[in-house]
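# okay, predicted coordinates and the sequence, questions at the end:
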Amino acid sequence: MEFPPDHTHTNGIQPHFSPSAPVEQRRVGLVYDERMCKHSTPRGESHPENPDRIRAIWNKLTSAGIRQRCTVFDAKEVEDKYIAAVHTSNHINLIKTISSKKMASKRNKVAARYNSIYFNEGSSESAYLAAGSMLEAAEKVAKGELNSAFAIVRPPGHHAEENEPMGFCLYNNVAIATSFLLNQKELGVNKILIVDWDVHHGNGTQKMFWKDSQVLFFSVHRHEYGSFYPTGDDGSHIMIGEGPGAGYNINVPWENGQCGDADYIAVWDHILLPVAKEFNPDIVIISAGFDAAIGDPLGGCRITPHGYAILLKKLMKFSRGKIVMALEGGYNLNSLANSVAACVEVLLEDKPIAESFEAYPFESTWRVIKAVREELSAFWPVLADKLPEELTSKVAPLLQIYSSQSEDEYDDGPNTLSEDVTIPLSKLNLSEDVNDQVTATYSQAWRSELAKIDVWYASFGSNMSESRFLCYIQGGQTEGMKRPCRGAVDKTKPKEVTWKTVPHRLFFGRESTVTWGPGGVAFLDPETNNQEKTFMCLYKITLEQFNDVLLQENVRMDTRSPFLDLNALDFIEYEKSVSLEALKDGWYHNVVYLGKENDIPILTMTCTHATVEGFKSGKIPICAPAKEYADTLVRGLVQGKQLSEDEAVAYVQEAATKPL
Ligand SMILES: [Zn+2]
């Protein structure tokens, strides 16, 4: 195929734009291959790094008409000799043979030796295709056949180390492509900038080019003083490279989650761009993880698709826009697909991007930026100047909305997650009257969105009785209750009611409640226990109504923002439970995922694992239910045709007396 010569419009630093100038089309390559979907969990277990990730991207690029504007090429398996530049022969041997028949019986055992790794019969092929596709994309861009390219590949690569797969990564795709470019002398590539904007530190890539001054490795990631995955000191800002590579390894370690467009842009403007200008790379490779995207279940950060577009646009002024992107993480399918689409559009079009936004970086962001600049100023004098006070004094408040208390099902996961906070902190403590006005002003947007989503609310307590549950929806008071309920904003009755038993322990604790008076209330141990069987009444309601029930169960009046939103709904399927920080004084602030019924998630609310420990140790009293409360439970079970009255009484009795 014949390509026109390398386009010259962006001849380096400042392309000239005028509103009437025609938008120039750039040649952008895309590589995607369904065969990279063959790598999946051995028994179909759900996992964030799954084939749907790249399918979602491909579908989005196609439906948005973006794919059609690109040069699509086929994936090709990488040759072992190119892998050997960054991985050991042991490692190559492992990945080459892991999917063979003869390894079938050992495969899971081998995977268990590594940190956050699974293998199946398709892993080998997918890994070779992922690395090969990235290499091919990089070669085409280096040769000028393409202006830039995006390799939509999996498994991802940046955690993979010289001698071990790690963190969902088998081969280090970006590192393999980087050494390939440097080793093919005829390509004339001598300096490569790798930008790793995945929310996790690119530990593998860092080590592979640790002593190399031809590769400037830049990673911005959640670090939290070494407690965020991959834990330890590797991602610290004092890790700057060694020997000739000293100063060519730059880590920007976030102290907290929630970082968004403003934080990343500040890092670009005050660290990455000045250094990149000095370094003057021949090509830019992006380890493009999208798990710092808003709504990502593992990342807990908040970059918007437009934010990614800005970050990418800022990098296009280097190496004449020769940019090769490789997919790394990114686990919220919508956010992932939208962010990739925004990036490919930037690669395609030579047009300016509006950079107006009102948010400021966090105070911690400025602290990190200053520390990084200080650490590296000896190598990059451009970082030596002190940042002006009027710049760094403008900060956004940090607000933790909810955090997960669940066990780490995947090592690759944060323990906190946040949502986009638009209500200023100062408004969070208002008197009730003012509260209602604020509710009216702020409630509309989230309500209409969450009203479209159905969930099963599963009750194991008094809500099993429909008349009692309807008080939470329609307001009012039923037999045995000491006070009325306010009800939900949407008073529509549940669309469906069904029953199910779950392998969890039911127990009663605390001394008294506002609604029922003296006596304990029901809790479900969030931990699965196959010896146990608890009856659950499932109500099909909207996620909006679920939030209203959640607030009433936790005796809160504040409904200005949802506490379990769409992000949390995505998140909970993987984490199994989400402890709602904003409701942490309530007894039922831990939302637990119990699987699906007709493809709709089943959610319940109970105490946290930590509280169960409190009950077990006697720190929080175990206590049988009040009579009215127990009667309501029995009524629910009998009306739901689960048990006869005698059986129901015995069931409640047993849960109330059996030791935890
Ligand atoms: Zn990641």
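Arrived safely, thanks for sending. Numbering: from 1, shown residues only.
# break this structure into its domains for me.
When the chain is parsed with automatic domain parsing, its domains come out as 28-389, 432-657.
# dump those domains into a markdown table; add mean pLDDT and distance to the ion as well.
For glycine as for every other residue, the C-beta is placed from the backbone atoms N, C-alpha and C. Shown next, in a markdown table, are the domains of the chain (pLDDT from 0 to 100; distance: least, C-beta to the ion, whole Å):
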| stretch | mean pLDDT | distance to the ion |
| --- | --- | --- |
| domain 28-389 | 95 | 3 |
| domain 432-657 | 86 | 14 |
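# which one of these is the most hemmed in?
domain 28-389 (a mean of 21; mean count of other C-beta atoms under 10 Å).
# now do the end-to-end distance for that domain.
Distance between the two ends of domain 28-389: 41 Å, counting by C-alpha to C-alpha, to the nearest Å.
# figure out how far that domain is from the centre of its chain.
Distance of domain 28-389 from the chain centroid (C-alpha atoms, centre = their mean, to the nearest Å) equals 15 Å.
# repeat that for stretch 573-582.
The chain centre lies 13 Å from the centre of stretch 573-582; the measure is C-alpha atoms, centre = their mean.
# just the CA atoms of that stretch, as PDB, please.
Provided in PDB are the C-alpha atoms of stretch 573-582 (Å, rounded to 0.1, in the frame of the first residue of the first chain):
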ATOM      1  CA  GLU A 573     -20.400  -7.200  41.100                       C
ATOM      2  CA  TYR A 574     -16.600  -7.600  41.400                       C
ATOM      3  CA  GLU A 575     -16.100  -6.600  45.000                       C
ATOM      4  CA  LYS A 576     -19.200  -8.300  46.300                       C
ATOM      5  CA  SER A 577     -19.800  -5.600  48.900                       C
ATOM      6  CA  VAL A 578     -19.500  -1.800  49.100                       C
ATOM      7  CA  SER A 579     -19.500  -0.100  52.500                       C
ATOM      8  CA  LEU A 580     -21.000   3.300  52.100                       C
ATOM      9  CA  GLU A 581     -18.800   5.700  53.900                       C
ATOM     10  CA  ALA A 582     -21.300   8.500  53.800                       C
END
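# can I get the domains of the chain in a markdown table including distance to residue 395?
Shown next, in a markdown table, are these (distance: least, C-beta to C-beta, whole Å):
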| stretch | distance to residue 395 |
| --- | --- |
| domain 28-389 | 4 |
| domain 432-657 | 21 |
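# SS state for the closest residue in space to residue 353 that isn't next to it in sequence?
Distances taken as C-beta to C-beta, 6 or more residues apart in numbering put residue 313 closest to residue 353, at 4.8 Å, once the chain neighbours are dropped. Following DSSP: H, G, I helix; E, B strand; the rest coil, we place residue 313 in the helix state.
# now swap in residue 527 and tell me
strand.
# which one is it nearest to, not counting chain neighbours?
residue 609 (6.6 Å).
# would you confirm that that neighbour contacts residue 524?
No: using C-beta atoms under 8 Å, residue 609 is not in contact with residue 524, being 11.8 Å away.
# quick one: secondary structure of residue 544?
On the basis of three-state DSSP, residue 544 is classed as helix.
# residue 193 too?
Under three-state DSSP, residue 193 falls in the strand class.
# let me see the contact set for it.
The contact partners of residue 193, taken as C-beta atoms under 8 Å, 6 or more residues apart in numbering, are 215, 216, 218, 276, 279, 281, 283, 284, 285, 318, 319.
# nearest to residue 261 among those?
Nearest to residue 261 among those: residue 218, at 17.9 Å, using C-beta to C-beta.
# now name the helix or strand holding residue 124.
Under the criterion of DSSP states H and E, residue 124 resides in helix 123-143.
# who does that helix touch, helix- and strand-wise?
strand 28-31, helix 80-83, helix 89-97, strand 148-151, helix 173-183, strand 283-288, strand 323-327 (3 or more C-beta pairs under 8 Å, 6 or more residues apart in numbering; DSSP states H and E).
# and the fourth one, what does it pack onto?
When contacts are defined as 3+ C-beta pairs under 8 Å, 6+ apart, strand 148-151 packs onto strand 28-31, helix 123-143, strand 323-327, helix 333-348.
# and the next helix or strand after the last one, what other elements does it pack with?
If I follow you right, that is helix 333-348. Using DSSP H and E, the next helix or strand after helix 333-348 towards the C-terminus is helix 363-376. Under the contact criterion of 3+ C-beta pairs under 8 Å, 6+ apart, helix 363-376 touches strand 249-254, helix 261-267.
# okay if I get those as TSV plus distance to residue 464?
Shown next, in TSV, are the helices and strands packed on helix 363-376 (distance: least, C-beta to C-beta, whole Å):
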stretch	distance to residue 464
strand 249-254	44
helix 261-267	45
